[in-house]
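# have a look; sequence and predicted model below, questions after that.
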Amino acid sequence: MSSVNLTGLGANQVKNTTSGEMVEIGSLWREQTVVLFFLRRFGCQVCRWMAAEVSKLEKDLKANGVALIGIGPEETGVKEFKDGGFFKGGGEKVLLHFVQKTPADNVSLEDITKALGISVNVQAGEKPQVKQEAFVTSSLFDTGI
């Protein structure tokens, strides 16, 4: 597992999508253990599925004093993401550090709870399936320039 510079990460600020205020990321874990869930985009269908999956843990995480916090890189799609109910989330060491290597990579719910040392009873959902015919190859748009 690669190391994470928590001081550097914690010094960054994010905008609270409810209040609009800027919040230092380090303040999120100063008084409680947190699961930080980073999204690529709020409108991304895979991100929405993954957010819905990890949200299955929210009740049990909360019962164990762990906050579930989602962070995205932009505001585009935030309202629809929140309105759609995709995410239910609102220590100074990293228990689990996961770096996505391919678009389909994700941390299992079991691995998240195991890293936190808690036991839950939730079932993972089925990963989204993409139909091959949904993709159009770039050669169809070749202008010959």
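Looks like it arrived, so ask away.
# and the strands in this protein?
In the chain, strands defined by DSSP state E lie at 13-15, 22-24, 33-38, 66-71, listed in chain order.
# who's in contact with the first one?
In this case it means strand 13-15. Strand 13-15 is contacted from outside by Glu21, Met22, Val23, Glu24, Ile25, Ile71, Glu75, using CB atoms under 8 Å, 6 or more residues apart in numbering. Glycine gets a C-beta too; all of them are placed from N, C-alpha and C.
# pLDDT below threshold where in this structure?
For the chain, applying pLDDT under 70 flags the ranges 1-2, 89-99, 103-104, 130-145.
# cutoff 50 now
The model of the chain has pLDDT under 50 over residues 1, 91-94, 135-145.
# please name the bridge partners of the spatially most central residue of it.
A centroid search over the chain (CA atoms, centre = their mean) returns Phe37, at 2.8 Å, as the residue closest to the centre. Taking DSSP bridges as the rule, Phe37 bridges to Gly70.
# right, I'll call it a day here.
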